[in-house]
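> Okay, sequence plus prediction incoming.
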Amino acid sequence: MTKLSLTELAELKANGQPIVMVTAYDYPTARLADAAGIDIVLVGDSAAMTVLGHDSTVPVTLDELLVLAGAVARGAKRPIVVGDLPFGSYQVSDEEAVRSSIRFVKEAGMDAVKLEGAGPSVDRAAAIVDAGIPVMGHVGLTPQSATMLGGYRAQGRTADKARRLLDDALALEDAGCFSIVLEAVPAAVAEHVTDALAVPTIGIGSGLACDGQVLVLHDLIGLYDGRPARFVKRYAEVGDTIRDALKRFAADVRAGAFPEEEHTYSIPGEELAAFERGLAPDARD
């Protein structure tokens with residue numbers, strides 16, 4: 001199966017075909033996303049919370065995400081695979097942003113990178129695009145700067161803030177971004193932003209009018225124990241299934257019910273006898 005191209009992604013928007021994106025962090029889930037026909041797989045900095053156990057996205061390092069991204073790239077063959085530039089890997093300068101992005105492409109096999117916010121991030125996006133690396137933008141609720149935004153809450157809920165959000169999205173498009181994530185944006189505002197942009201928008205908590213939707217895989221399958229955001233829909237409770245399987249395994253081991261004969265290997269009788277003769281005290285003298 002051939003990899004989805006950025007041109008084909010743009011055609012999905014033009015044809016009104018919704019784009020499907022998930023955030024995943026390892027080889028097994030990347031393979032499952034591929035088999036399910038997912039269009040984009042994001043290796044998100046949300047790994048800090050879902051995989052590494054931190055309280056926010058901020059602590060995860062570029063080196064940590066590169067390991068996860070490489071695993072995802074090996075599993076997701078058709079989807080466009082995007083590496084999420086973590087906090088501290090692009091804010092200081094255009095040169096640092098380009099350097100971090102090159103590492104995602106060369107070391108982890110990413111097709112593109114994603115960065116958060118506008119303002120200085122617009123220049124960073126333009127520099128990365130000029131270096132030949134596709135960039136996905138991200139406006140609205142940007143978790144890396146959630147403290148400055150007043151916490152994890154919807155953005156663009158006044159006329160002035162909605163206008164600023166639209167201007168930010170347009171600036172990122174002008175910088176060369178091939179797609180823009182709209183997170184926790186009022187649905188009516190997201191619709192206007194989507195209509196104004198030539199590139200696809202990917203919504204998360206931003207309504208049906210976006211060109212596509214994204215959820216964190218661990219959230220949608222019930223594998224993450226943290227309190228899910230309002231916009232999360234659970235499609236399975238895999239965490240309960242795994243927990244039950246582990247409990248049953250532990251009970252079997254403690255009861256001597258596992259392993260059974262079918263789970264063990266045999267040795268020919270004559271070889272066992274020869275081995276046991278060799279264990280006799282006089283055989284070792």
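Right, received. Where do you want to start? Numbering: from 1, shown residues only.
> what about stretch 44-58, distance to the chain center?
Mean-position distance between stretch 44-58 and its chain equals 11 Å (Cα atoms, centre = their mean, to the nearest Å).
> buried sites along that stretch?
By 16 or more other Cβ atoms under 10 Å, the buried positions in stretch 44-58 come out as Gly44, Asp45, Ser46, Ala47, Ala48, Met49, Thr50, Val51, Ser56, Thr57, Val58. Placement of C-beta: from N, CA and C, glycine included.
> ok, now stretch 68-85?
For stretch 68-85, a neighbour-count test (16+ other Cβ under 10 Å) marks 68-73, 75-76, 78-85 as buried.
> go on, stretch 86-104?
Applying a neighbour-count criterion of 16+ other Cβ under 10 Å, one finds 86-87, 89-91, 94, 96-98, 100-101, 103-104 buried in stretch 86-104.
> With only the CA atoms kept, save that stretch in PDB.
Taking Å, rounded to 0.1, in the frame of the first residue of the first chain, the C-alpha atoms of stretch 86-104 are listed here in PDB:
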ATOM      1  CA  PRO A  86       8.200  19.100  22.100                       C
ATOM      2  CA  PHE A  87       8.500  22.200  24.300                       C
ATOM      3  CA  GLY A  88      12.000  23.600  24.200                       C
ATOM      4  CA  SER A  89      13.000  22.100  20.900                       C
ATOM      5  CA  TYR A  90      12.000  25.000  18.600                       C
ATOM      6  CA  GLN A  91      11.200  28.100  20.700                       C
ATOM      7  CA  VAL A  92      14.700  29.600  20.900                       C
ATOM      8  CA  SER A  93      15.500  30.100  17.300                       C
ATOM      9  CA  ASP A  94      14.700  29.200  13.700                       C
ATOM     10  CA  GLU A  95      18.000  27.300  13.600                       C
ATOM     11  CA  GLU A  96      17.000  25.200  16.500                       C
ATOM     12  CA  ALA A  97      13.600  24.500  15.100                       C
ATOM     13  CA  VAL A  98      15.100  23.400  11.800                       C
ATOM     14  CA  ARG A  99      17.700  21.200  13.600                       C
ATOM     15  CA  SER A 100      15.000  19.500  15.700                       C
ATOM     16  CA  SER A 101      12.900  18.900  12.600                       C
ATOM     17  CA  ILE A 102      15.800  17.400  10.600                       C
ATOM     18  CA  ARG A 103      16.300  15.000  13.500                       C
ATOM     19  CA  PHE A 104      12.700  13.900  13.300                       C
END
